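Novice: just the structure for this:
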Amino acid sequence: MKKSIFAVAALCMVSATAATAGEKAGDSTPAQDLEKYRSFFMKRFPGVPLQEFANGVNAVSPANRENWEAIEEFPPYEPMIEEGKALWEKPFANGKTYSACFAEGPGQRKNYPYWDANRKMVVTMEMAVNECRTANGEKPLKYKKGAITRLTAYMAYMSRGQKTDVKVPMNDSGAVAAYNDGKSFYFARRGQLNFSCAQCHLESAGQRVRTNVLSPSLGHTTGWPVYRSKWGDLGTLHRRFGGCNKQVRAKPFKAQGKEYRNLEYFLTHMSNGIEYNGPSARQ
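Specialist: Okay, the predicted model is just below:
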C-alpha cells in the first residue's frame, strides 16, 4: 500500500518552481492526476461507489455514517438554507438582487471554481458573491462564517445533483500554474508538525487520529458549506483549510487568498464526476 501511495504522490507532486512557472516537461497533466487519484481511492476503499465519496468520512466509516444519518433526519443547517433564500431574494439598496449577477439563478455550484483567463486568477463562488455585492454598492461579507454561509448554503442546496466538472485549460499557462500551485500545496509539508494535506487525507484516509476518522480527500469539496458539531454553525471550505493549517501548527493563509483558491481549484478538479450535495453536516 505504501508503494502505491508514494507512486501517486510522485505523479502529482511538483516543485515550488514548477508551480510558479506552469507545467514543465515530465509533469503529469490534470487528467492524468485525476485518473491516478481516483484509482487510488477506489482501490483503497473497495465497494465504496464513486458518488458515495461526496459524503466524506461517512462513506468509509460505518460508525460515523450511523451518527450522520441520525443527524440528517433533522438537519441542523435546514433553517440556515431558509435564511440564505431570504438573503438571495432581498433587494440591494439599488433595487437589484443577486440574480442580476447570477443569470442562471441560485443553482450555481457547478460553475465554481473556475479559471478567469482575463484576470489570470481562480474565482470561487464565495468570491463571486462578494464581487456581486460590491458591484451593487454593498459591503462584502466575511469569508469564513456568518451571512456568506447562509447564502451559499441556499445556493449549494439549489445545486444538489449537479456534477463537479472543473476545467483546467491546458492552452493557458496561467491556469496550469494555478492548478499546479494547488497541487503543490496539497503535498507540501508545513507547520511544526511537518504534515501535508496528503498525509492525512490520502496516505492515512480512513485511519484514526485519537477518536476521529480521517476523511478521504476525494469528494472533499462537494458538501460545502458544512455544519460542524465542533463549530455549532456553518463554515466555509476556506475556514476549514485554515483550521487544518492550525492543527499542524502552521500559520493559516487568508481566506480567499491565492493559496487557498488554488488549493480549492486542484481539490475540486480531483472530485470531477462527483455530485455536489451541500450543505452538509460533519462532526
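Novice: and for the residue nearest the centre of the chain, nearest residue in space, chain neighbours not counted?
Specialist: Nearest to the geometric centre of the chain sits Thr221, at 3.0 Å (C-alpha atoms, centre = their mean). Leaving aside its sequence neighbours, Thr221 sits nearest to Thr268 (C-beta to C-beta, 6 or more residues apart in numbering; 4.4 Å). All C-beta spots, glycine's among them, are computed from the backbone N, C-alpha and C.
Novice: hmm, the residue nearest to the centre of the chain is touching Gly182, no?
Specialist: No. Thr221 lies out of contact with Gly182 (C-beta atoms under 8 Å); the separation is 11.2 Å.
Novice: find the residues that touch each one of the two.
Specialist: By C-beta atoms under 8 Å, 6 or more residues apart in numbering, Thr221 and Gly182 have these common neighbours: Glu264, Leu267.
Novice: how many residues are close by Leu193?
Specialist: 11 (other C-beta atoms under 10 Å).
Novice: nearest residue to it in space, please, no chain neighbours.
Specialist: Val248 (4.3 Å).
Novice: contacts only, for the one you found.
Specialist: Applying C-beta under 8 Å, 6+ apart, the residues contacting Val248 are Arg190, Gly191, Gln192, Leu193, Asn194, Phe195.
Novice: quick check on these: which are buried?
Specialist: Among the contacts of Val248, those buried by neighbour count (16 or more other C-beta atoms under 10 Å) are Arg190, Gly191, Phe195.
Novice: all helices of the stretch 51-200 of the chain, in order?
Specialist: Along the stretch 51-200 of the chain, counting by DSSP state H, counting those that start in this stretch, helices occupy 62-72, 78-89, 125-135, 147-158, 173-187, 197-198.
Novice: for the longest one, what is the average pLDDT?
Specialist: Which is helix 173-187. Helix 173-187 shows an average pLDDT of 97 in the prediction.
Novice: what's it packed up against?
Specialist: Here helix 173-187 touches helix 2-12, helix 16-21, helix 30-44, strand 114-116, helix 197-198, helix 258-269, going by 3 or more C-beta pairs under 8 Å, 6 or more residues apart in numbering; DSSP states H and E.
Novice: from the buried ones among the contacts of Val248, pick the one nearest Arg133.
Specialist: For the buried ones among the contacts of Val248, the minimum distance to Arg133 (C-beta to C-beta) is 32.4 Å, reached by Arg190.
Novice: once you drop chain neighbours, what's closest to that closest one?
Specialist: Ala250 is the one closest to Arg190 (C-beta to C-beta, 6+ apart), at 4.4 Å.
Novice: could you tell me the least trusted of the helices and strands packed on helix 173-187?
Specialist: Mean pLDDT is lowest for helix 16-21 among the helices and strands packed on helix 173-187, at a mean of 34.
Novice: which SSE is the residue nearest to the centre of the chain in?
Specialist: Using DSSP states H and E, Thr221 sits within no helix or strand.
Novice: just to revisit the earlier point, you'd agree the residue nearest to Arg190 is up against Gln192?
Specialist: Yes. The pair Ala250 / Gln192 is scored as a contact, 7.4 Å apart, by C-beta under 8 Å.
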